[in-house]
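Novice: Please find the sequence and the predicted model below.
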Amino acid sequence: MYMSLRNSLKDDHLNEILDKIHSGKMLSESEGKFLQKFDSIVENDQKDYSHLSKNQVFDKICYLLDSGKNVVCDLYDKYGKINDRIISIHNYFEEDCCVLDLKHGDSTKIYDKFLYKLTYNLNKDEYYLESQGEYFEKITHKNED
């Protein structure tokens, strides 16, 4: 059986806060909220997710939004990094894309041909969606000669 010797992200953050209290330093507002919510924090809600397909991103973002988490779109468009909160997501299977509706009225798409990652920021208690790379299927061709 595999046993992790590393503390969870939740426990690591708690230890940092306890060290801060022990040294007599003031806690930030987010650290105070973390202590108040400590018992209700689900450890699976504080993970980074890597190499996700479009459909996996759809499922995970739906779960996070339904759980009341903030997810920020850190994808790039023709104007640069979007950096806006996602308020809803819609999966269009026939078109091989998902549409992300953003807080300030814009929308953007994610596609099947890309891999994505969701990175959790403990201090802000929110996730960031980023592109991780584009992939292509190799097409074999035969030489008829």
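Specialist: On my side now, so go ahead.

Novice: Where does pLDDT dip in the protein?
Specialist: Scanning the chain for pLDDT under 70 picks out the ranges 1-8, 42-45, 136-145.

Novice: one more time with 80
Specialist: Residues of the chain meeting the criterion pLDDT under 80: 1-10, 40-47, 122-123, 135-145.

Novice: give me every residue that touches the residue positioned nearest the centre of the chain.
Specialist: Geometric centre of the chain, nearest residue: residue 118, 2.5 Å, by CA atoms, centre = their mean. Residues near residue 118 by CB atoms under 8 Å, 6 or more residues apart in numbering: 48-49, 52, 57, 60-61, 64, 71, 127-130. C-beta here means a position set from N, CA and C on the backbone, and glycine is covered the same way.

Novice: Report how many residues lie close to residue 37.
Specialist: By other CB atoms under 10 Å, the residues close to residue 37 number 10.
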